[in-house]
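Engineer: have a look at this fold, sequence not included:
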């Protein structure tokens, strides 16, 4: 679907914005049709044509795998497109300009919120860190941005909405923001500038920053959206397949009370274990959520699962290695510790109130 | 014309380099290519989102990979 949209977009380009809007409308219609026939189609194919018993382990596992793969792919395509188009109005340069000269506190709140809407990828964490700090954005405010950005991203929001509905999604976003604000504020209060590699403060920003989104037409923005969908799907599909595969196995084969016995509501160490397992794991929301969905169906509490997901997407070994370029190990340790504590608190809180 | 690609070896940066070379070939320009991988140096250009494209010491683009057609347009204007 996305590929076709791209070729149409290019062919129709000279006709201007109206044709582009028409295409987007047509693509949205196709999307809604596919999304609504997905479940009946696979139920018919797996249950009717292939003749598997949908209540059996094999049948329910196979159905879960195909139905979920298509559903998640559709959700990702739709949400990444919309979010990329909206985000093309925002840029990290504008974010930095907004954060410059803000005091801590207000700055942390603003930085965490901007972390959600600014187009950003963790591969740019280091140049962004240097760019912010060298331009005088306080360390703690910068950290709020760097924590919020991977934690609350469009992929997580898309999948949470699709798999769990608006309630848990709102909960996830709100607690992610609080964690980023508080963790950044704490790091700022601790005055840890001495644990930032000195060259960061000596970097002179001489270039004039360009504003990438300054003069784009709607057509350009749609094209950016299509490109981004292709890039992200190409990058995350292995995680997605592994995640859904594991989810399908758990769905079909794991004994109903296996996880609930060991990590259920009665186990006070549930969230702690979830965070400890989640930190070194490197995956993204697309790989984690099918797993979370299957575990939730097996009776694991929401708080434990959200803590697991947050620890996996917000903290990872590769990211720490990248950040080592600008942060001394002590500061990385504080960063991980403070963020993990926030995630842990969230896990226990939601287990208690939900 | 001096063309610099800013980016610490991510897939996007290599795509940009390839497309920039294609665009230069299409236009028949005389250009030298360089690739800046050091993050401190990248940041000193004011670029916070890789990849970045620098032409004759001026940042013309950062944060996304343009199509070859867009690059031909961009390079042709200079």
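Structural biologist: It's in. As the structure is a prediction and not an experimental result, all values here were calculated from the model.
Engineer: which stretches of chain B form helices?
Structural biologist: B:11-27, B:39-44, B:68-76 (DSSP state H).
Engineer: and the second one, what does it pack onto?
Structural biologist: I take that to be helix B:39-44. helix A:125-134 (3 or more CB pairs under 8 Å, 6 or more residues apart in numbering or on different chains; DSSP states H and E). (C-beta placed from N, C-alpha, C; glycine too.)
Engineer: now do the last one
Structural biologist: Under the contact criterion of 3+ CB pairs under 8 Å, 6+ apart, the helices and strands touching helix B:68-76 comprise helix B:11-27.
Engineer: mind putting the helices of chain B into CSV with mean pLDDT, mean neighbour count and distance to residue A:51?
Structural biologist: Shown next, in CSV, are the helices of chain B (pLDDT from 0 to 100; neighbours: other CB atoms under 10 Å in any protein chain shown; distance: least, CB to CB, whole Å):
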stretch, mean pLDDT, mean neighbour count, distance to residue A:51
helix B:11-27, 89, 18, 43
helix B:39-44, 82, 23, 57
helix B:68-76, 85, 16, 50
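Engineer: wait, which of these is closest to residue A:228?
Structural biologist: Comparison of the helices of chain B against residue A:228 by CB to CB identifies helix B:11-27 as nearest, at 11.2 Å.
Engineer: mind listing the strands for the stretch 151-300 of chain A?
Structural biologist: Remark: no strands are assigned in the stretch 151-300 of chain A by DSSP state E, counting those that start in this stretch.
Engineer: low-confidence ranges in it?
Structural biologist: Within the stretch 151-300 of chain A, the ranges that satisfy pLDDT under 70 run A:206-215, A:254-256, A:258-260, A:262-263.
Engineer: let's have the helices of chain B in CSV, adding distance to residue A:21.
Structural biologist: Shown next, in CSV, are the helices of chain B (distance: least, CB to CB, whole Å):
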stretch, distance to residue A:21
helix B:11-27, 28
helix B:39-44, 37
helix B:68-76, 21
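Engineer: now do the buried residues in stretch A:168-176.
Structural biologist: Judged by neighbour count (16 or more other CB atoms under 10 Å in any protein chain shown), stretch A:168-176 contains these buried residues: A:168, A:169, A:171, A:172, A:173, A:175, A:176.
Engineer: unless I'm mixing things up, the third one is touching residue A:350, no?
Structural biologist: Pointing back at residue A:171 there. Yes - using CB atoms under 8 Å as the test, residue A:171 is close enough to residue A:350 to be in contact (6.8 Å).
Engineer: which residues touch residue B:76?
Structural biologist: Going by CB atoms under 8 Å, 6 or more residues apart in numbering or on different chains, residue B:76 touches residue B:27.
Engineer: excluding covalently adjacent residues, which one is nearest to residue B:50?
Structural biologist: If the residues on either side of it in the chain are set aside, residue B:50 comes closest to residue B:7, at 4.0 Å by CB to CB, 6 or more residues apart in numbering or on different chains.
Engineer: could you measure from the one you found over to residue A:286?
Structural biologist: Distance, residue B:7 to residue A:286, by CB to CB, to the nearest Å: 24 Å.
Engineer: tell me how many other residues surround residue A:42.
Structural biologist: 21 (other CB atoms under 10 Å in any protein chain shown).
Engineer: element containing it, please.
Structural biologist: Element membership for residue A:42 (DSSP states H and E) is helix A:17-42.
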